[in-house]
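sequence and predicted model, in that order:
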Amino acid sequence: MKCDLLAGLRLLDLSDDRGALCGRIFADLGADVIKIEPPTGCVTRCIPPFLDDLPGPQRSLYFLAYEAGKRSITLNLDSDDGRRLLRDLAARADFILESFAPDYLAEREMDYPQLSAINPRLIQISITPFGDRGPGARFAATDLTVWAAGGMMYMMGEAGRPPLQMSLPQAGLHAGAEAAVAALIAHYERQHSGLGQRVVVDMQACVVGTLMNEQAMPIMHGNWIRRTGAWSSALGLQQRLIYRCADGHVAVLIIGAAGAPSTRALIQWMEEQGQASPWMKTTAWESWAPGAFMAASAQELAQVRELDQAVQSFLLPMTRAEIYRQGLRRRILLAPVNSVADIAHDPQLAARQFFVPMAPPEGMPALTVPGPFARLSQTPLTPPQPAPALGEHNQAVYGELLGLSSDYLGRLRAVGAI
């Protein structure tokens, strides 16, 4: 079954890893997503890890995940014939997604003003490291540098040690998701005006958006959050977030105000085992917020240290499963620190049918992958489809969409246009 939310709409995906998720979202929503690759293949085919640790254009797990459900054609934009083909495709498309360096398309006479003259309804989505104007617009960048420039890397790592990147590249994924939303907003407007527009997504700004309350700290509190690893940092205070247990670690959020019911439930559980101090049982947790808006007092610092030690001693003999089970029953804000294997066998995800089988590309083993990113009752999303082989759909797209013969495609291939 194919989702019909975007049925009948066509997106040309010329992006690399910066926009791969955007195209995947469109494919899941039912659009015809045509992945336009250079004859040597998109760089996403070379991103590790690889299936069974064997590199190959069809074995990148990144490619298999983020290019799934798309059709692949090859096209050389440095060729006159290739550029003509792209113009012909743009005339028959609703969206075009790209992540080239600034001026790349303009130098090839294929920037938005020129393409929109061919197709006024066309929406172009441009994903850029630092926007398309200003002093940083032409800076070279990688996912790592954008993650750093957006500020999130400053927050990650241990105090007194260098900042860290998240385990896997993230800036392009945030940008891809925001690009999909922005493109659909432009599509909503197009349904009224009949006209397309250009959408520019700034990866650095997308990363800034992940900082949440850190952005407001200097203005509202005259301070900023430091890099503190597995600790929560406030004004003059550090509070543990990750606690050791019998078989690993658990994350526990101990806060007042809106989190008071959870903290009170944790203290009640500790009291049942005789491990809660008298002050913990009588504290008005709704108003307990040491170091939140002003420097913590000596008494508050002492309370945090005692609470930290008591919770650590309480949790240490128990397993993650025991703690999580009690946390769910008692409605405590906690979660086990899971490995990838733990997630793959998580009973909640299994009950939600989060992981589903996907028909593998030809010659590949069967794959189990995450299912649709949303479950819609009236318009279910398209089940995960295999990622395409390089140029797999040349004949279908160029032949059926543009009406080109097999002989002509052979000539184009011979001169390096496709």
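Sure, I can see it.

for the rest of this, base every contact and every neighbour count on C-alpha atoms.
Noted.

count the residues that sit near Gln312.
By other C-alpha atoms under 10 Å, 16 other residues sit near Gln312.

alpha carbons of the helix or strand that contains it, as PDB, please.
With elements taken from DSSP states H and E, the one containing Gln312 is helix 298-315. C-alpha atoms of helix 298-315 as PDB (Å, rounded to 0.1, in the frame of the first residue of the first chain):
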ATOM      1  CA  ALA A 298      24.800  26.200  51.100                       C
ATOM      2  CA  GLN A 299      21.700  24.300  52.400                       C
ATOM      3  CA  GLU A 300      20.500  23.500  48.900                       C
ATOM      4  CA  LEU A 301      23.900  22.300  47.800                       C
ATOM      5  CA  ALA A 302      24.000  20.000  50.800                       C
ATOM      6  CA  GLN A 303      20.600  18.700  50.000                       C
ATOM      7  CA  VAL A 304      21.500  18.000  46.400                       C
ATOM      8  CA  ARG A 305      24.700  16.100  47.500                       C
ATOM      9  CA  GLU A 306      22.800  14.000  50.000                       C
ATOM     10  CA  LEU A 307      20.000  13.300  47.600                       C
ATOM     11  CA  ASP A 308      22.500  12.200  44.900                       C
ATOM     12  CA  GLN A 309      24.200   9.800  47.200                       C
ATOM     13  CA  ALA A 310      21.000   8.400  48.600                       C
ATOM     14  CA  VAL A 311      19.500   7.800  45.100                       C
ATOM     15  CA  GLN A 312      22.700   6.200  43.900                       C
ATOM     16  CA  SER A 313      22.900   3.800  46.900                       C
ATOM     17  CA  PHE A 314      19.200   3.000  46.400                       C
ATOM     18  CA  LEU A 315      19.500   2.100  42.700                       C
END
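
buried ones in that helix?
By 16 or more other C-alpha atoms under 10 Å, the buried positions in helix 298-315 come out as Glu300, Leu301, Val304, Leu307, Asp308, Ala310, Val311, Gln312, Phe314, Leu315.

thought Leu241 was touching the third one, still the case?
In other words, Val304. No. Under the criterion of C-alpha atoms under 8 Å, Val304 makes no contact with Leu241, lying 11.9 Å away.

got the buried residues for whichever strand or helix holds Ile185?
Assignment of secondary structure by DSSP H and E places Ile185 within helix 171-193. For helix 171-193, the neighbour count (16+ other C-alpha under 10 Å) marks 171-180, 182-184, 186-187, 190 as buried.

now do it: distance to the chain's middle.
How far helix 171-193 lies from its chain's middle: 15 Å, per C-alpha atoms, centre = their mean, to the nearest Å.

could you do stretch 256-273 as well?
With C-alpha atoms, centre = their mean, you get 33 Å for stretch 256-273.

residues making contact with it?
Stretch 256-273 is touched from outside by 253-255, 276, 280-281, 285-289, 314, 330-333, with contacts defined as C-alpha atoms under 8 Å, 6 or more residues apart in numbering.

give me the mean pLDDT for it.
Averaged over stretch 256-273, pLDDT sits at 93.

what's the answer for stretch 49-57, then?
91.

tell me which residues of that stretch are tucked away?
Result for stretch 49-57 [16+ other C-alpha under 10 Å]: buried residues Phe50, Leu51, Pro55, Pro57.

let me have those residues in JSON lines, extended by secondary structure and distance to Ala417.
Formatted as JSON lines, the buried residues of stretch 49-57 follow (DSSP: H, G, I helix; E, B strand; the rest coil; distance: C-alpha to C-alpha, whole Å):
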{"residue": "Phe50", "secondary structure": "strand", "distance to Ala417": "29"}
{"residue": "Leu51", "secondary structure": "helix", "distance to Ala417": "31"}
{"residue": "Pro55", "secondary structure": "coil", "distance to Ala417": "26"}
{"residue": "Pro57", "secondary structure": "coil", "distance to Ala417": "20"}
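
just these now: which is nearest Pro120?
Pro57 (35.7 Å; C-alpha to C-alpha).

what's near enough to touch the closest one?
With contact taken as C-alpha under 8 Å, 6+ apart, Pro57 is in contact with Gly41, Arg45, Cys46, Ala389, Leu390.

6 Å instead, please
Arg45 (C-alpha atoms under 6 Å, 6 or more residues apart in numbering).

on that earlier part again, now the helix holding Gln312: how far from the chain's centre is it?
For helix 298-315, the separation from the chain centroid amounts to 36 Å (computed by C-alpha atoms, centre = their mean).

helices or strands up against it?
Where contact means 3 or more C-alpha pairs under 6 Å, 6 or more residues apart in numbering; DSSP states H and E, helix 298-315 is not packed against any helix or strand.

do that again at 10 Å, thanks
Judged by 3 or more C-alpha pairs under 10 Å, 6 or more residues apart in numbering; DSSP states H and E, helix 298-315 is in contact with strand 237-240, strand 242-245, strand 248-252, helix 260-272, helix 278-282.

list the buried residues in the longest one.
Residues of helix 260-272 classed as buried by neighbour count (16+ other C-alpha under 10 Å): Ala260, Pro261, Ser262, Thr263, Arg264, Ala265, Leu266, Ile267, Gln268, Trp269, Met270.
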